[in-house]
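Participant: next input, structure requested:
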Amino acid sequence: MIMMGPAYQLRDVAQETIYQNTCCNGMLPKVIAAKSPLVQAVFVLSIAFVGTVADLFGVRFVYLFSSFMLLLTALIGMAGLMYNKHSIEIDKTSAERREGI
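Facilitator: Next comes the predicted model:
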């Protein structure tokens, strides 16, 4: 359980950063407002899924699977952040070249 905390935080920071970087200012409040009901719906479905998996494979498997999924989402979020940062740098370099011409 202690190992899951940092993965949650990394995932949350990456998600919020992606929302802020991809949404325009006028759309961001709507996206954030829609996020909560969607997260709650997915949470309810995940409880049913995890309960079924725990019945079939045991609780230990649920914890191992959960930690793997959290690590995976954190890595995907960080990769998206790095890709976005890299694409912004490429755009800046292109703009600087155009201005220099």
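
Participant: got the contact list for the residue nearest the centre of the chain?
Facilitator: Closest residue to the average C-alpha location of the chain: residue 15 at 3.9 Å, with C-alpha atoms, centre = their mean. With contact set as C-beta atoms under 8 Å, 6 or more residues apart in numbering, residue 15 has these partners: residue 77. Backbone N, C-alpha and C define where each C-beta goes, glycine included.

Participant: do the same with the one 3 residues further on
Facilitator: For residue 18, the set of contacting residues under the criterion of C-beta under 8 Å, 6+ apart consists of 77, 80, 81, 84.

Participant: give me the subset of those lying in helices.
Facilitator: With helices taken from DSSP state H, the overlap with these comprises 77, 80, 81, 84.

Participant: contact partners for the first one?
Facilitator: Listed by C-beta under 8 Å, 6+ apart, the contact set of residue 77 reads 10, 11, 13, 14, 15, 18.

Participant: give me the distance from the helix or strand in which residue 44 is found to the chain's centre.
Facilitator: Take DSSP states H and E as the rule and residue 44 turns out to sit in helix 28-57. Distance of helix 28-57 from its chain centroid, counting by C-alpha atoms, centre = their mean, to the nearest Å, is 14 Å.

Participant: mind giving me the packing neighbours of that helix?
Facilitator: Counting contacts by 3 or more C-beta pairs under 8 Å, 6 or more residues apart in numbering; DSSP states H and E, helix 28-57 packs against helix 4-22, helix 59-100.
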